[in-house]
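[1] this one's structure only:
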């Protein structure tokens, strides 16, 4: 497995064969194989690779030595020679031994899905935090695969000149990587500490947070830009946004909330990547409301919704208040999609990010979801603690001073009231 990244600036374009293995096990647990293969092609193109053809192998189990079986490897070799391929990209993760065997047999660069995604992330990371997270994920992925990372690294040596206290090159590489991982984890913990402090300050200040989540290329960054006039990068490609961006969003009643864009999800998102980006993804856990942005025009829309729901569950965010935003209505209508377009009702809203009326409707939906009932509290005038709780539980829209009491009409925030307002229950008029 090569340590090189795809360099799209040199004028050289890698030519790749895409390979997927379908077993009964990954059919059951790995999502839709066809969707995954389509995404692999998009990922390859995003990385600047020319896709020559795709090869699918159906097999009962994974071949521990050759992954797709030795006979299929010979078939791939013939196709690669005929088409002039330089790279074979596999849709599943490979072990170090499998990479070594495939490299020797095919004489091609061998890349798996995880390495490809990590490579794209490496090219997209701009902030210090993003760069740390991507490098940590890359090294965590590389460490157990060192023995398959090129023939020179797999030769531990032996005999004269290798005895004594010296370490093999492979062991030195391992030691160096472990040290670098420890250093990156320490840096990331500092980032986590700062994030936690910021979140605590926002909570104390009563700031409401709304997180944009969704499948990659669902239109989250476009929506952030159109709602808040944020200067964010928008491109019709996978993982156009990597580093999270937060902007202030004003709701129809004048209330301001913080809207945060997050990295897009994808089927079989690499475990090392999820682990490294946990500090960023915790922003979703801390949000008062989740906007699940859905590409209504995608032929795999339902499968993509299921992937996002599954990842939210893994993050512990499945129970959060959520609005499903079916985006790209304009493309859906233009392309006569095979899916039925959901109606705007309840917690579903159908929009185009480029239509002003739809954005107004979305702002109103966010406001309605965040705002509970309007309650009137009558509290003793000398109970400053209860008065403060009322102000922290929502927006005070009216105040009446009595002889020994204070009447407060509050447009209650569900989340804030659940957090602060319980002692006020007995004072509701």
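    Structure's in. What do you need? Just so it is clear, the structure is predicted and the values come from calculations on it, not from any experiment. Numbering: from 1, shown residues only.

[2] report how many residues lie close to the residue nearest to residue 58 when sequence neighbours are not counted.
    Closest residue to residue 58 apart from its sequence neighbours, by Cβ to Cβ, 6 or more residues apart in numbering: residue 22 at 5.1 Å. C-beta coordinates here come from the backbone N, C-alpha and C atoms, glycine included. Each residue near residue 22 was counted by other Cβ atoms under 10 Å, and the total is 18.

[3] where does residue 22 land on pLDDT?
    Reported pLDDT at residue 22 in the predicted model: 89.

[4] now do stretch 228-244, average pLDDT.
    Mean predicted lDDT for stretch 228-244 stands at 61.

[5] again with stretch 65-74
    Mean pLDDT, computed over stretch 65-74, is 92.

[6] before we move on, the earlier item: got a list of what the residue nearest to residue 58 touches?
    33, 56, 57, 58, 59 (Cβ atoms under 8 Å, 6 or more residues apart in numbering).

[7] what does residue 259 give?
    Neighbour list for residue 259: 210, 212, 224, 227, 228, 246, 247, 248, 249 [criterion: Cβ under 8 Å, 6+ apart].

[8] which of those residues sits closest to residue 94?
    residue 212 (33.2 Å; Cβ to Cβ).

[9] hmm, the closest one is touching residue 262, no?
    Yes. Using Cβ atoms under 8 Å, residue 212 makes contact with residue 262 at a distance of 6.2 Å.

[10] those two: which has the busier surroundings?
    Higher neighbour count among residue 212 and residue 262: residue 212, with 26 against 23, using other Cβ under 10 Å.

[11] so the more buried one belongs to a strand, correct?
    Yes. The assignment for residue 212 (DSSP: H, G, I helix; E, B strand; the rest coil) places it in a strand.

[12] for it, which non-adjacent residue is closest in space?
    Counting by Cβ to Cβ, 6+ apart, residue 212 lies nearest to residue 220, which is 4.5 Å off, once chain neighbours are set aside.

[13] which stretches of the stretch 201-350 of the chain form helices?
    220-228, 271-276, 278-286, 301-315, 329-335 (DSSP state H, counting those that start in this stretch).

[14] so which of the ones you listed comes closest to residue 200?
    So among the helices of the stretch 201-350 of the chain, helix 278-286 is nearest, using Cβ to Cβ, at 9.8 Å.

[15] now the closest one against helix 301-315, angle please.
    100 degrees (axes from the mean of the first three to the mean of the last three Cα atoms, to 10 degrees).

[16] for the record, mean pLDDT for helix 278-286?
    Mean predicted confidence for helix 278-286 is 75.

[17] what does that helix contact?
    Taking Cβ under 8 Å, 6+ apart as the rule, helix 278-286 contacts 129, 133, 188, 191-192, 195, 199, 209, 211, 213, 244, 260, 262-263, 274, 290, 312, 315-317, 320.

[18] drop the exposed ones from those and show what's left.
    Among those, the ones that count as buried by 16 or more other Cβ atoms under 10 Å are 129, 133, 188, 191-192, 195, 199, 209, 211, 213, 244, 260, 262-263, 274, 290, 312, 315, 317, 320.

[19] and for the closest residue to residue 423 other than its chain neighbours, the neighbour number?
    Closest residue in space to residue 423, ignoring its immediate chain neighbours: residue 389 at 6.2 Å, by Cβ to Cβ, 6+ apart. Residue 389 has 21 neighbours, counted by other Cβ under 10 Å.

[20] now do the SS call for residue 389.
    helix.

[21] isn't it right up against residue 417?
    No. When contacts are counted by Cβ under 8 Å, residue 389 is not listed as touching residue 417 (9.3 Å).

[22] what's the neighbour count on residue 256?
    11.

[23] likewise residue 283?
    When neighbours are counted by other Cβ under 10 Å, residue 283 registers 21.

[24] backbone dihedrals for residue 377, both of them.
    Note on residue 377: backbone dihedrals following degrees, to the nearest 10 are phi -110, psi 130.

[25] on that earlier part again, sort out for me which of the contacts of helix 278-286 are in strands.
    209, 211, 213, 260, 290 (DSSP state E).

[26] of these, closest to residue 384?
    Among those, and counting by Cβ to Cβ, the member closest to residue 384 is residue 209, at 27.5 Å.

[27] could you find the closest non-adjacent residue to residue 207?
    For residue 207, the closest residue by Cβ to Cβ, 6+ apart turns out to be residue 258, at 5.9 Å.

[28] distance-wise, check that neighbour relative to residue 395.
    16 Å (Cβ to Cβ, to the nearest Å).

[29] pull out the buried residues from the host helix or strand of residue 397.
    Here residue 397 sits within strand 394-401, counting by DSSP states H and E. Neighbour counts using 16+ other Cβ under 10 Å place 394, 395 of strand 394-401 among the buried residues.

[30] list the contacts of that strand.
    253, 255, 371-372, 374, 381, 390, 406-413, 416-417, 421.

[31] 7 Å - rerun?
    Applying Cβ atoms under 7 Å, 6 or more residues apart in numbering, the contact partners of strand 394-401 are 255, 390, 406, 407, 408, 409, 410, 411, 412, 413, 416, 417.

[32] who does it pair up with?
    strand 405-413 (antiparallel) (DSSP bridges).

[33] got the contact list for the strand it pairs with?
    Contacts for strand 405-413 (Cβ under 7 Å, 6+ apart): 208, 370-381, 387, 390, 393-400.

[34] could you tell me how far it lies from the centre of the chain?
    Strand 405-413 has its average C-alpha position 39 Å from the chain's average C-alpha position, going by Cα atoms, centre = their mean, to the nearest Å.

[35] swap in stretch 183-193?
    Distance of stretch 183-193 from the chain centroid (Cα atoms, centre = their mean) equals 20 Å.

[36] on that earlier part again, now, which of the ones in strands among the contacts of helix 278-286 sits nearest residue 97?
    Nearest member of the ones in strands among the contacts of helix 278-286 to residue 97, counting by Cβ to Cβ, is residue 213, at 36.7 Å.

[37] return the residues in contact with that closest one.
    262, 284, 290, 292, 308, 312.
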